[in-house]
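Engineer: Can you look at this prediction? I've put the sequence above it.
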Amino acid sequence: GSPWRLAELEPGVCFVGVSFYREVFGETPRIQTSMAQAFTAAGDGYVLRGGTFEWDEQRQGKSPHLDKQLAASLLRDVIELYQKQNRGSLPTRMVVHKSSRFWEEELAGFEEACELVPRRDFVALGSRGLQFYRKGDYPPLRGTYVKFSEADLLLYTVGYVPFLRTYPGARVPQPLEILEHVSDSPWDVVLKEVLALTKMNWNTADFACWDPITTAFSRRVGQILAEVPPGMKIPPEYRFYM
């Protein structure tokens, strides 16, 4: 069973965190592997390993990106696993979180994989180190947002919590930034979901985490998969990686 799940979430939505890792035993440091961490409205979590590709950081930049074929293949695998676990039903909405901006080829591949899914949202998350302050002794309230545009917003996922009557943190909190938002849903829905997903980490006693479970755990699971030989089959269930 699941310790808890999101209370106010439409059934049929599937959240996906996309990240990359470098295999420990890889022949060359340029080889990267993609992976996806999927979470459903029912609280189920799944891990999928994507394809390997070559990425030259000096020439192409620090953040790896997928070409159209690899992006489509990765998200198709997520949808196929979702169908297998839900009696053949397609998700009614796909939400993809990524910790860097989307390239055109990536978006094209994700869109292609989701052609049968009625609604989809592609959200890039990050941080530029911006901070805001309010009057008083405490930092901004958790849930405070600053809107620069429809697709560029800051969200305080950690901060002062009225229920606790304090800020449960050791340092001045920094907001999470929605760097890019290409979707069928309004920006306020995206913010509410990101805020809710910061409460879904079952491996911590913290009131909430800084980043949503989609991106937070995809990075941590990537550290585990980096130790797994390329040909070895991995279990998709989330509980094996907690």
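Structural biologist: Perfect, I can see it now. Numbers count the residues shown, from 1 in each chain.
Engineer: Can you tell me the element the closest residue to Ser185 other than its chain neighbours falls in?
Structural biologist: Nearest residue to Ser185 in three dimensions, chain neighbours excluded: Asp121, at 5.2 Å (CB to CB, 6 or more residues apart in numbering). To be clear about C-beta, it is placed using only N, CA and C from the backbone, and glycine gets the same treatment. Assigned by DSSP states H and E, Asp121 belongs to strand 119-126.
Engineer: any idea what Leu81 is structurally, helix, strand or coil?
Structural biologist: Of the three states, Leu81 takes helix under DSSP: H, G, I helix; E, B strand; the rest coil.
Engineer: Which stretches in the chain count as helices?
Structural biologist: 57-60, 68-85, 104-113, 187-197, 213-225 (DSSP state H).
Engineer: out of the ones you listed, deepest packed?
Structural biologist: Counting by mean count of other CB atoms under 10 Å, helix 213-225 has the highest mean neighbour count of these, with a mean of 20.
Engineer: how long is stretch 165-183 from one end to the other?
Structural biologist: By CA to CA, to the nearest Å, the extent of stretch 165-183 from end to end equals 35 Å.
Engineer: for it, the distance to its chain's centre please.
Structural biologist: 15 Å (CA atoms, centre = their mean, to the nearest Å).
Engineer: For it, buried residues please.
Structural biologist: Within stretch 165-183, the residues scored as buried using 16 or more other CB atoms under 10 Å are Tyr167, Gly169, Pro173, Gln174, Pro175, Leu176, Glu177, Ile178, Leu179, Glu180, His181, Ser183.
Engineer: pretty sure the second one contacts Val158?
Structural biologist: Looking back up the chat, that one is Gly169. Yes - Gly169 lies in contact with Val158 (CB atoms under 8 Å); the separation is 5.8 Å.
Engineer: ok, for Arg220, nearest residue in space, not its chain neighbours?
Structural biologist: Nearest one to Arg220, counting by CB to CB, 6+ apart, is Tyr241 at 7.7 Å.
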